[in-house]
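Undergrad: A structural model of the following input is requested.
(one chain, ligands or ions: 1)
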Amino acid sequence: MRVFLMYILLISAASLSAQEHGEVALGQSPGTLHVDSHFAGGNVLVEKLVADTVYFSPDLSGTAGEWFYWNFRAVPSAPQKWYFKATKPNLLTNRGAAYSLDGGATWEWLDKSDHLGDRLFSFSFERADQAVRFSMGMPYTQAHLERFLINLTASSQLQIDRLCMSERGRPVEKLVLGAAREQAEFKVLVMARAHACEMMGNYVMEGMLSALLADNPAMRTLREKASFWFIPFLDKDGVEDGEQGKNRIPRDHNRDYSGESIYASTRSLREQVPDWVEDRPWVGIDLHNPWIKGENNEWIYFVGNANPAISKEQERLVDILAKTHRGPMRFTREEGFLPFGVAWNTGSNYDQGASFGQWAAGFQGQGLMMATTLEFPYAVNHGQIVTADGARAFGVDLMYALQQYLGIEAQ
Ligand SMILES: [Zn+2]
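TA: Sure thing, here's the model as predicted:
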């Protein structure tokens, strides 16, 4: 079990020389800052504190190589501006950091005036003891899912089942919706957080669920004809314990589909999905987020499967989505699909083990219609700012596109 890190950083602003940091105001009352990651999804290493600047990096425990997930809380002793400097490159998005004033329930991107460089941001705390969360994205944990599900409890159509128990003893939810197993003409599996840090997928999933539960002919018919499983947190322990998850040692959850699975959730999926889909046509959608910024990371796209028949089906969904999507997050036919063999999407990426897409491709010709990975960016999409609501709206569009893709006409 990962040990939560807590730091109490004490700094007396009065002891600083004005030259150390041009922003330190003379006569400012001595301030201290408490920084910690002692909460669900929390992650930080505070390396040092100089003047009014906190130097931080992500806790990469259990991760091979560099990654960028961090999520911490800062509480000042006095109203004051503090600076936060990443000690390595590529720890901030091109929108800087996100912050939350309500204990991580909702998130906004920092104001542009606080985004001071690709490693530096600031925040002006308005009062003593104001707890503010900061992160490279918009962290989404079990508590978010529970808040979302409370609003859906009026709907008896959603059943909260369990895929398995995690290694650290947490239930891994399986939300079951739609047609009864025997009556379903189609089966649809939607998953998120194979990589624990990739939280934006959960907002897309919320949108998909909201759409599916809507009381209109299109979605009623979809629910009647198709049976859905949603797995919000494939790596539940990683999500709750604030781990990167991506490039987990010895292999991550999306490389755990060959040989013997080492994680309970992937093992359970491999056991339960074939049994659930039986001989029905099925679709698998695995929600991911790309790298933190830049080329191929700042637009929404589907990752082309190596299997040409599946790739063709993905393109059919992409076409429908490009034509029909209505939400604020831009989606284009051109950038919306990354064919196999292009950019990072090559066979060489899978030395450690098979991905979900590769595993599912093994069912092509035996029921699988399409398996796809969706990459939804953290902060910037075609130049526009990614928001939680924008991601949800994209999820709504995706569900309606899926209805068309399956050829299910509203009745
Ligand atoms: Zn991923």
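Undergrad: could you pull out the helices in this structure for me?
TA: 142-150, 200-212, 217-225, 236-240, 264-277, 308-324, 356-361, 388-405 (DSSP state H).
Undergrad: to Ala179, which of those lies closest?
TA: helix 217-225 (5.8 Å; C-beta to C-beta). Just so you know, the C-beta spots here come from the backbone N, C-alpha and C atoms, and that holds for glycine as well.
Undergrad: picking that back up, of the helices of the chain, which is nearest the ion?
TA: helix 200-212 (8.3 Å; C-beta to the ion).
Undergrad: report the mean confidence score over that closest one.
TA: Helix 200-212 shows a mean pLDDT of 97.
Undergrad: mind putting the helices of the chain in a markdown table, mean neighbour count and distance to the ion included?
TA: As requested, the helices of the chain are exported to a markdown table (neighbours: other C-beta atoms under 10 Å; distance: least, C-beta to the ion, whole Å):
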| stretch | mean neighbour count | distance to the ion |
| --- | --- | --- |
| helix 142-150 | 15 | 18 |
| helix 200-212 | 25 | 8 |
| helix 217-225 | 17 | 27 |
| helix 236-240 | 25 | 12 |
| helix 264-277 | 18 | 14 |
| helix 308-324 | 18 | 17 |
| helix 356-361 | 23 | 10 |
| helix 388-405 | 23 | 15 |
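Undergrad: CSV for the ones you listed, including distance to Trp291?
TA: Converted to CSV, the helices of the chain look like this (distance: least, C-beta to C-beta, whole Å):
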stretch, distance to Trp291
helix 142-150, 23
helix 200-212, 13
helix 217-225, 33
helix 236-240, 18
helix 264-277, 23
helix 308-324, 21
helix 356-361, 18
helix 388-405, 17
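Undergrad: flag the shaky bits of the stretch 51-200 of the chain, pLDDT-wise.
TA: Low-confidence segments of the stretch 51-200 of the chain, defined by pLDDT under 70: 153-155.
Undergrad: which residues of it lie near the ion?
TA: His195, Glu198 (C-beta under 5 Å from the ion).
Undergrad: how far away is the residue of the stretch 51-200 of the chain found nearest the ion from Tyr99?
TA: Proximity of the stretch 51-200 of the chain to the ion (C-beta to the ion) peaks at His195, 3.6 Å away. Using C-beta to C-beta, to the nearest Å, we find His195 at a distance of 23 Å from Tyr99.
Undergrad: those two: which is more packed in?
TA: His195 (27 against 20; other C-beta atoms under 10 Å).
Undergrad: that one and Arg251 touch, don't they?
TA: No. Under the criterion of C-beta atoms under 8 Å, His195 is not in contact with Arg251, lying 11.9 Å apart.
Undergrad: alright, calling it a day.
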